[in-house]
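K.L.:
Model the following, please.
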Amino acid sequence: MGEAVVAAHNVFVYGSLLADDVVRVLLNRVPTSSAALLNGFHRFSIKGRVYPAILPVRNRHVSGRVLMGITDPELHILDEFEDVEYQRTRVEVSLLESSDKLQAHAYVWSNASDPNLYGDWDFEVFFIFLLCY
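P.N.:
Now for the predicted structure:
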């Protein structure tokens, strides 16, 4: 009798999930990760929210990291965390350390014409907010 095969996923994160403390609360661990770029997307601020949204935008890129070895149950937890405002999408990212390309999931904002999206989102501003609460 063989052992059950556990699927392992890569997830590109670019917002609140860049904070290890947030990932640890959700997954009870901090997975191995690598810095990465997602080309052809832009990270927007959202009016009234502390977290960002990404949407496809030509000639732009989003910096973030890839969480590696995410299990099916952990992927479900991330789906619940991101909620219906985001759509989990397969993307190709470039790892910064090696320039290798990697397939990953990313949570893309569902409403491409949302009037509440503006400018750029800054992790440092989010991190300061996180420290205050």
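
K.L.:
now the longest strand out of those in the chain: how far from the chain's centre is it?
P.N.:
Of all the elements of type strand in the chain, the one with the most residues (DSSP state E) is strand 53-70. Taking CA atoms, centre = their mean, to the nearest Å, one finds strand 53-70 lying 7 Å from the centre of the chain it belongs to.

K.L.:
Could you list the paired strands of that strand along with their orientation?
P.N.:
strand 9-13 (antiparallel), strand 33-46 (antiparallel) (DSSP bridges).

K.L.:
Enumerate the positions of that strand that are buried.
P.N.:
Buried residues in strand 53-70, counted by 16 or more other CB atoms under 10 Å: Ala53, Ile54, Leu55, Val62, Gly64, Arg65, Val66, Leu67, Ile70. C-beta here means a position set from N, CA and C on the backbone, and glycine is covered the same way.

K.L.:
Report the contact partners of Phe41.
P.N.:
Contact analysis of Phe41 by CB atoms under 8 Å, 6 or more residues apart in numbering lists Ile54, Leu55, Pro56, Val57, Arg60, His61, Val62, Val91, Ala106, Val108.

K.L.:
Quick one, grab the pLDDT at it.
P.N.:
For Phe41, the model assigns a pLDDT of 98.

K.L.:
Tell me how far it lies from Glu97.
P.N.:
Taking CB to CB, to the nearest Å as the measure, Phe41 falls 20 Å from Glu97.

K.L.:
before we move on, what about Asp122?
P.N.:
From Asp122 to Glu97 the distance is 23 Å (CB to CB).

K.L.:
quick one, which of these two is more surrounded?
P.N.:
A direct count of neighbours by other CB atoms under 10 Å for Asp122 and Glu97 places Asp122 higher, at 12 against 8.

K.L.:
Look up the closest residue to the more buried one, ignoring the ones flanking it.
P.N.:
Excluding the flanking residues, the one nearest Asp122 by CB to CB, 6 or more residues apart in numbering is Ser45, at 7.9 Å.
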